[in-house]
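1. dropping the sequence and predicted coords here.
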Amino acid sequence: MTSPDAELSYEQARNELREIVAQLESGGQPLEESLALWQRGEKLADLCQRWLDGARSKLDAAIAASDES
């Protein structure tokens, strides 16, 4: 079974991460809520990095394939 986060596009994850950063920067949340936001932000940042790593791999493979032609 996959997590709901696995279905997020890069743009969706990035936008949610931006919202979380803005909330944390504005302050005013109780500590427990801030920690939950931080944890969610870490998951989203990891997801974004995986999207970028995947895109890099595809790009590298395409460049290597075109160099072989």
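-> It's in.
2. can you spell out which helices and strands pack onto the longest helix along the chain?
-> Assignment by DSSP state H gives helix 31-68 as the longest helix of the chain. On a contact count with 3 or more Cβ pairs under 8 Å, 6 or more residues apart in numbering; DSSP states H and E, helix 31-68 meets helix 10-26. The C-beta positions use only the backbone N, C-alpha and C, and glycine is treated the same way.
3. nearest to the spatial middle of the chain, which residue is it?
-> For the chain, residue 48 is the residue whose C-alpha lies nearest the centre (Cα atoms, centre = their mean; 2.4 Å).
4. that one contacts residue 14, correct?
-> Yes. Counting by Cβ atoms under 8 Å, residue 48 does reach residue 14; the two are 5.6 Å apart.
5. where's the nearest residue to the residue nearest to the centre of the chain once chain neighbours are set aside relative to residue 46, distance?
-> Of all residues not flanking residue 48 in the chain, residue 13 sits nearest, at 5.1 Å (Cβ to Cβ, 6 or more residues apart in numbering). As judged by Cβ to Cβ, to the nearest Å, residue 13 and residue 46 stand 9 Å apart.
6. the two: which has the busier surroundings?
-> residue 13 (20 against 12; other Cβ atoms under 10 Å).
7. what's the spacing between that one and residue 63?
-> According to Cβ to Cβ, residue 13 stands 26 Å off from residue 63.
8. quick one: the residue nearest to the centre of the chain from residue 63, how far?
-> 22 Å.
9. on the pLDDT front, check the closest residue to residue 44 other than its chain neighbours for me.
-> The shortest distance from residue 44 to any non-neighbouring residue, by Cβ to Cβ, 6+ apart, is to residue 17 (4.2 Å). What the model reports as pLDDT for residue 17 is 98.
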